[in-house]
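>>> Here's my sequence, what's the structure:
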Amino acid sequence: MTTPDPDPTFYQRFYTAARNAGPPDVEKKAQASSKSVISLFVPPLPPSPARARERERRN
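Okay, the predicted model is just below:
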């Protein structure tokens, strides 16, 4: 079973937009990346009540 080809005009529009935009500007990219900060910090979860009860039983 073959799937139908996607809309060919999508590719044509994408190609035309890419041609009109031209190559990426390296300096512009460097400035943009220096301004954006992505934090990978994930705060720890609070202790669950079940674990707190378990700790109390051990002590």
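>>> switch to C-alpha atoms for all contacts and neighbour counts from now on
OK.
>>> so which strand or helix has residue 53?
Using DSSP states H and E, residue 53 sits in helix 49-58.
>>> For that helix, which helices and strands make contact with it?
Here helix 49-58 touches no other helix or strand, going by 3 or more Cα pairs under 8 Å, 6 or more residues apart in numbering; DSSP states H and E.
>>> what sits up against it?
For helix 49-58, there are no surrounding residues in contact (Cα atoms under 8 Å, 6 or more residues apart in numbering).
>>> avg pLDDT for that helix?
Mean per-residue pLDDT for helix 49-58: 86.
>>> tell me which residues of that helix are tucked away?
Neighbour counts over helix 49-58 (16 or more other Cα atoms under 10 Å) mark no residue as buried.
>>> Which pLDDT does the model give residue 5?
Listed pLDDT for residue 5 reads 61.
>>> no no, residue 1
pLDDT, read off for residue 1, is 53.
>>> Please apply the same query to the one 10 residues further on.
At residue 11, the pLDDT value in this model is 82.
>>> Share the number of residues neighbouring it, please.
By other Cα atoms under 10 Å, the residues close to residue 11 number 11.
>>> try the one 10 residues further on
Residue 21 has 9 neighbours, counted by other Cα under 10 Å.
>>> Residue 47 now?
For residue 47, the tally of surrounding residues (other Cα under 10 Å) stands at 8.
>>> where's it relative to residue 57, distance?
Distance from residue 47 to residue 57, counting by Cα to Cα, to the nearest Å: 15 Å.
>>> Residue 16 now?
Distance from residue 16 to residue 57, by Cα to Cα: 69 Å.
>>> what do you get for residue 14?
Applying Cα to Cα, the value for residue 14 to residue 57 is 64 Å.
>>> again with residue 51
From residue 51 to residue 57 the distance is 10 Å (Cα to Cα).
>>> Residue 48 too?
Applying Cα to Cα, the value for residue 48 to residue 57 is 15 Å.
>>> now swap in residue 38 and tell me
Here residue 38 is placed at a distance of 41 Å from residue 57 (Cα to Cα).
>>> again, but for residue 45
Taking Cα to Cα, one finds residue 45 at 21 Å from residue 57.
>>> Show me the helices in the chain, by range?
All helices of the chain, identified by DSSP state H, fall at 8-21, 26-35, 49-58.
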